[in-house]
Every structure is written in structure tokens, then in C-alpha cells.
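Colleague: Structure, please.
(one chain, ligands or ions: 2)
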Amino acid sequence: MRLLYYPPQAGMLDDRVLGIGAHTDYECFTILWQDEVQALQVLNASGKWIDAVPIPGTFVVNLGDQFARWTNDVFKSTVHRAVNRSGTERYSIPLFFGTDYNVKLEVCAVA
Ligand SMILES: O=C(O)CCC(=O)C(=O)O
Ligand SMILES: [Fe+2]
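Modeller: Residues are numbered from 1 along each chain as shown. Ligands and ions are numbered 1, 2, ... in the order given. The predicted model follows:
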């Protein structure tokens, strides 16, 4: 689990100024709580950044690299980033779920 704080970004804002850069999570999946401040974006299949608009009382679930590996990329890990252009503070709490780090990851056999 991480407790993340994104200060308001001052000055010139452009695509090089990010709270957290584009990445996939490397565990199996992540449950993310975010406050009401919009910042999280998800890359869709067309290569476009889509806002993951905060919905009160809900969590975001991101699939991670372990899940993608187990399913041979049938389910892909979500490329995401956080850009806080709101002018106010933002908090989020991701909780990461995965195997122990010494577990060998292989594609699951399909019946
Ligand atoms: O703060 C967010 O919305 C995303 C955080 C995140 O992607 C991470 O910690 O891996
Ligand atoms: Fe992440």
C-alpha cells in the first residue's frame, strides 16, 4: 500500500509535467482509492489518454503485469499515469496485490 500526495502543480503545465509518469503496475492487480480530484488517466487501445473520473464511494481496479502474464495478454495490464492539473492537492491510496517475488510466473494452461 502507498499513501500518495500530489501537490498542486504551479506554473506552466504541459505533458512533460506529470505527478506520476506512464507505467503499468507489476503486481497482479491494484485497488485504488482516489479523492475527488481528477488526475488519473488510462491509455486506451487507440493510444488516447482517458480520464478515470473519480466517482465517490468507488475504487479503480487496475490489472497488472502478473495478470497479463498468467493470461498470456488476453487481459492486458493497464497503462496509466496521474497528472494533477486541478490547482489543488490530491491524495490517492493504491493497494497492490501480487505473489511473493520468488514465484516463477508462467502462462496458465487453458483447458
Ligand atoms: O495516484 C494514482 O491515481 C495512481 C498511482 C499509481 O498508479 C501507482 O502508485 O502505481
Ligand atoms: Fe500505478
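Colleague: does the residue positioned nearest the centre of the chain have beta-bridge partners, and which?
Modeller: Per C-alpha atoms, centre = their mean, the C-alpha nearest to the average position across the chain is that of H80, at 4.6 Å. Beta-bridge partners for H80, by DSSP bridges, are H23, V42.
Colleague: tell me the pLDDT at it?
Modeller: With respect to pLDDT, H80 scores 96.
Colleague: residues in contact with it?
Modeller: A22, H23, T24, L40, Q41, V42, L43, A52, N62 (C-beta atoms under 8 Å, 6 or more residues apart in numbering). Backbone N, C-alpha and C define where each C-beta goes, glycine included.
Colleague: Reformat those residues into CSV and put neighbour count, distance to ligand 1 and pLDDT next to each item.
Modeller: Output for the contacts of H80, formatted as CSV (neighbours: other C-beta atoms under 10 Å; distance: C-beta to the nearest ligand atom, whole Å; pLDDT from 0 to 100):
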residue, neighbour count, distance to ligand 1, pLDDT
A22, 12, 10, 92
H23, 11, 7, 95
T24, 17, 9, 98
L40, 23, 4, 96
Q41, 18, 9, 95
V42, 15, 10, 97
L43, 15, 12, 96
A52, 18, 8, 97
N62, 21, 7, 97
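Colleague: and of the residues you listed, the nearest to Y5?
Modeller: Of all those, L40 has the smallest distance to Y5: 14.3 Å, by C-beta to C-beta.
Colleague: which residues touch the nearest residue to the closest one once chain neighbours are set aside?
Modeller: Of all residues not flanking L40 in the chain, A52 sits nearest, at 4.2 Å (C-beta to C-beta, 6 or more residues apart in numbering). By C-beta under 8 Å, 6+ apart, the contact set of A52 is Q34, L40, Q41, V42, V60, H80.
Colleague: ok, A52 to V103 distance?
Modeller: 29 Å (C-beta to C-beta, to the nearest Å).
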